[in-house]
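Undergrad: return atomic coordinates for the entry below.
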Amino acid sequence: MAHPDLKPSPEHYSRFFYGYVVVAVALFIMSLFWAIHYSFGIFFKHLINEFGWTRAMTSGAFSLCSIVHGLIAILMGGLTDRFGARIVITVSAFFVGLGCFLTSQTQSLWHLYLFYGIIMGIGMGGSFVPLVSSVARWFIVRRSLMTGIVAAGTGSGALIGPPLANRLIGIVGWRNSYAILACAVFAFVVLSAQFLRRDPAQVGQMALGEKPCEQKDLEKGSSGISLMNAVYSSLFWLFFATGFCYGFCVFALMVHVAPHAIESGISTASAAMVLVTIGGLSILGKILLGATAEIIGSRRILVVGYVMMASAFFLLLPTRLASSLYLIAGLFGFGYGGCTAAQPPLAASLFGLRSHGLIFGALGVSVTIGAALGPLLTGYVFDVTAGYQLAFLLCAFISLSGMILASLLK
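TA: Below you'll find the predicted structure:
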């Protein structure tokens, strides 16, 4: 580790930039964390078959995990600002691994809520904010692109996690599968986390694209404002509102698009492929729109992402064909992927890096609120109207609201 007062010498600029190691490690960890998280749906039916619980009772554990995850992300973001992602991810991996192992020993419903809902939720609280916050400290140029690459780990996790879990369960059963996942987290994530570094100063380098005169501020962590100052800013609450729109629309569609497809006469297998399409195109959106943000700015990409999401909801209203659903799912996935990639670097631009993890974690609560309310309200509207038309129309207007709010983030 470089001495705090040591300035990077010219030879430091010419050697391999360690920030790319941070990106690769963060992408790997993000993928593994979210592969486990998205695999719950595969374990779902096995839990129901063994214990006879209702779907609502069983899915409640996943909802609790999501709520705990969103709240703990604030703490994890603050700890990342102070200690760096290496320690935070190591602790998070311990809780995710412990949650997986204890879930494999589940004998009653309260076990599932404690082991998966709370313990796993605590661990997942460090699965996104610390990783993207660390990447923001390493890059000034290419920040949006690198954030998009790391954020794509959530999409790759959604693609590889469920099929691998399904195959593993078929070989060793659901209990042993969770125990194996626990071992994988303890072995691979904990080891990989040791390669993370808080900022370039720890290895005697500077952030990519940083001017030498800015290095002193970065080393002292004084570039930017505190969370307390941020919450008194109208920009914070505008950003918070856009996060709510994002969480509401993304999770409303992820939960209800498959039932909508099935009720439109599309097979269960095709409905599942609609979800895969959303996940796959979100990866492209995070990378390609993240790269585009380097040219036109993260705020504009956030606006574009909301336009694509709103368009997808409007197009969804009259659609009954599987081929059309795939195109709409791809449009939505690409747009929401762009929003995901734009949010962390935009927060860094608006509020600086001093408390980036803490501020971004606090902003993430808006996504949690939207994610909790979106599927619930969409289902309620369906129950009242006996259809998804009005529900999806509501989501379209909420997406447009996100576009308007994002355009005001100047």
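
Undergrad: next helix or strand past the worst-scoring helix or strand of the chain on mean pLDDT?
TA: Across the helices and strands of the chain, the lowest-confidence element by mean pLDDT, DSSP states H and E is helix 10-14, at a mean of 43. Of the helices and strands lying after helix 10-14 in sequence (DSSP states H and E), the nearest is helix 19-38.

Undergrad: which residues does the spatially closest residue to Gly209 that is not a sequence neighbour contact?
TA: By the measure of C-beta to C-beta, 6 or more residues apart in numbering, the closest residue to Gly209 outside its immediate chain neighbours is Val141, 3.2 Å from it. In short, each C-beta sits where N, CA and C put it, glycine included. When contacts are counted by C-beta atoms under 8 Å, 6 or more residues apart in numbering, Val141 is found next to Leu208, Gly209, Glu294.

Undergrad: ok, the first one - contacts?
TA: Going back to what we said before, that points to Leu208. So Leu208 contacts Phe17, Gly19, Trp138, Phe139, Ile140, Val141, Arg142 (C-beta under 8 Å, 6+ apart).

Undergrad: gap between the closest residue to the third one other than its chain neighbours and Leu377?
TA: In other words, Trp138. Spatial nearest neighbour of Trp138, excluding adjacent residues (C-beta to C-beta, 6+ apart): Gly19 at 3.6 Å. Per C-beta to C-beta, to the nearest Å, Gly19 is found 41 Å from Leu377.

Undergrad: the more surrounded of those two?
TA: Taking neighbours as other C-beta atoms under 10 Å, Gly19 and Leu377 compare with Gly19 leading, 23 against 16.

Undergrad: circling back to that earlier point, looking at the contacts of Val141, which is nearest Gly84?
TA: Comparing the contacts of Val141 against Gly84 with C-beta to C-beta places Leu208 closest, at 18.1 Å.

Undergrad: relative to Gly121, how far out is that closest one?
TA: To Gly121, Leu208 is 34 Å away according to C-beta to C-beta.

Undergrad: and for Gly157?
TA: 16 Å.

Undergrad: need the contact list for the residue lying closest to Ser282 once chain neighbours are set aside.
TA: Nearest non-adjacent residue to Ser282, counting by C-beta to C-beta, 6+ apart: Gly337, 3.6 Å away. Gly337 is in contact with 148, 151-152, 155, 281-287, 289, 305, counting by C-beta under 8 Å, 6+ apart.

Undergrad: now flag whichever of these is closest to Thr103.
TA: Using C-beta to C-beta, Gly155 comes nearest to Thr103 of the contacts of Gly337, at 24.0 Å.

Undergrad: next SSE downstream of the helix or strand hosting the closest one?
TA: Gly155 is part of helix 143-172, with elements assigned from DSSP H and E. The helix or strand immediately downstream of helix 143-172 is helix 174-184, counting by DSSP H and E.

Undergrad: now do the buried residues in that next one.
TA: Neighbour counts over helix 174-184 (16 or more other C-beta atoms under 10 Å) mark Trp174, Arg175, Ser177, Tyr178, Ala179, Ile180, Leu181, Ala182 as buried.

Undergrad: which other helices and strands does the helix holding Gly155 contact?
TA: Packing partners of helix 143-172 (3 or more C-beta pairs under 8 Å, 6 or more residues apart in numbering; DSSP states H and E): helix 19-38, helix 40-51, helix 129-138, helix 174-184, helix 268-284, helix 290-296, helix 322-351.

Undergrad: in TSV: those, plus mean pLDDT and distance to Leu191.
TA: TSV is the format used below for the helices and strands packed on helix 143-172 (pLDDT from 0 to 100; distance: least, C-beta to C-beta, whole Å):
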stretch	mean pLDDT	distance to Leu191
helix 19-38	91	10
helix 40-51	81	25
helix 129-138	86	16
helix 174-184	94	11
helix 268-284	80	25
helix 290-296	87	27
helix 322-351	87	25
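
Undergrad: buried deepest among the ones you listed, which one?
TA: helix 129-138 (a mean of 29; mean count of other C-beta atoms under 10 Å).

Undergrad: hang on, the earlier thing: and the residue nearest to Gly209, which of the three is it?
TA: Val141 falls in the coil class when you classify it by DSSP: H, G, I helix; E, B strand; the rest coil.

Undergrad: try Ile266
TA: coil.

Undergrad: run a quick check on it versus Tyr326, I expect a contact.
TA: No: using C-beta atoms under 8 Å, Ile266 and Tyr326 do not qualify as a contacting pair, with a distance of 10.2 Å.

Undergrad: SS state for the nearest residue to Phe40 once chain neighbours are set aside?
TA: Nearest-residue entry for Phe40: Phe62, 5.3 Å, with adjacent residues in sequence omitted and distances by C-beta to C-beta, 6+ apart. What three-state DSSP gives for Phe62 is helix.
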